[in-house]
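Asker: Fold the following for me, if possible:
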Amino acid sequence: MSAEVIQVDDANVKVALGKFRLSLQAKGELMQQIGMSMLVSIRRTFREQGSPANSWMPLAPSTIKSDPKRYGSGHKLLIMTGTLLNSIGIAQTSPDQVILSTNVKYAAVHQFGSRDRGSVGIGPRTSKQDAATVNVKEHSYARLSAALGKGKLGNRSLNIRGPRNQVKIHVPGHTRHQNIPARPYLVFRPEDPQRIQSLVNGYIRRARSAAGLGGQ
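Answerer: Predicted structure coming up:
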């Protein structure tokens, strides 16, 4: 009776495992994908006005009454000009993390609520908070007039809004209370963990395939 000897050259396997290990250590691409996924999630939170949908505290009746055309039906919280939403982006990625950031100064106030009235509900909570005020410096800004100006497009006369019919608004220096409720927009939505897990699984499959270990 003869014994059959099978020799296995594991050099290629070791090389493939080494490539696979290096791919898992260099996860910058994966972190970038997760960051982009979270930006999509954040935009959905803005679009749905909170997570769960419509969970952000609505505007105070006094605010709506002050300018019904601006704050009335159909008004979207925090996206009047899109400045805050469009400022949120990927600031940094590394193999271990992705950092989302915004340079808008008032971003934290909307996320956590006003600092002098607390982030839980509106209104005074202590005598110190009740007395707290914010100093607003004297400043001016341009606002488009409600009336339409005149302009031309070729030979056509048009009613337009633009620099020609701006109104200059002067605001004197004053103090006021902040009374801004928290409207968190940097949150994990219920579907985010599963989406991130899918990205991780896809990254691992591609890394295995690239290393020659199969992609299943």
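
Asker: neighbouring contacts of whatever helix or strand residue 39 lives in?
Answerer: Using DSSP states H and E, residue 39 falls within helix 28-47. Identification of contacts with helix 28-47 by CB atoms under 8 Å, 6 or more residues apart in numbering yields 51, 76, 78-79, 85, 88-90, 93-98, 100, 185-189, 191-192, 195-196, 199-200, 203. No exception for glycine: its C-beta is placed from N, CA and C like everyone else's.

Asker: redo that, cut-off 6 Å
Answerer: Identification of contacts with helix 28-47 by CB atoms under 6 Å, 6 or more residues apart in numbering yields 51, 79, 85, 88, 90, 93, 95, 98, 185, 189, 192, 195-196, 199, 203.

Asker: what's the most distant pair in those?
Answerer: For those, the maximum inter-member distance is 33.7 Å, found between 79 and 95 (CB to CB).

Asker: ok so, going back, please report which of the contacts of helix 28-47 has the highest neighbour count.
Answerer: Using other CB atoms under 10 Å as the neighbour criterion, residue 185 leads these with 24 neighbours.

Asker: For that one, list the residues it contacts.
Answerer: 45-46.

Asker: how close does the spatially closest residue to residue 59 that is not a sequence neighbour sit to residue 38?
Answerer: Nearest residue to residue 59, sequence neighbours excluded (CB to CB, 6 or more residues apart in numbering): residue 71, at 5.6 Å. Distance of residue 71 to residue 38, computed by CB to CB, to the nearest Å: 29 Å.

Asker: Please say which of those two ends up with more neighbours.
Answerer: When residue 71 is set against residue 38 and neighbours are counted by other CB under 10 Å, the residue ahead is residue 38, at 21 against 18.

Asker: And that one, how far from residue 50?
Answerer: Distance from residue 38 to residue 50, by CB to CB: 16 Å.

Asker: helix or strand for residue 90, which one?
Answerer: Residue 90 belongs to strand 89-93, assigned by DSSP H and E.

Asker: On the C-terminal side of that strand, identify the next helix or strand.
Answerer: strand 98-101.

Asker: buried sites along that next one?
Answerer: Buried residues in strand 98-101, defined by neighbour count with 16 or more other CB atoms under 10 Å: residue 98.

Asker: Parallel or antiparallel, list what pairs with it.
Answerer: Strand 98-101 pairs in its sheet with strand 89-93 (antiparallel), by DSSP bridges.

Asker: The strand it pairs with vs helix 28-47, what angle?
Answerer: 160 degrees (axes from the mean of the first three to the mean of the last three CA atoms, to 10 degrees).

Asker: hmm, who's touching strand 89-93?
Answerer: 28, 31-32, 35, 99, 101.

Asker: Outline the domain layout of this structure.
Answerer: According to automatic domain parsing, the chain comprises the domains 23-113+183-216, 138-172.
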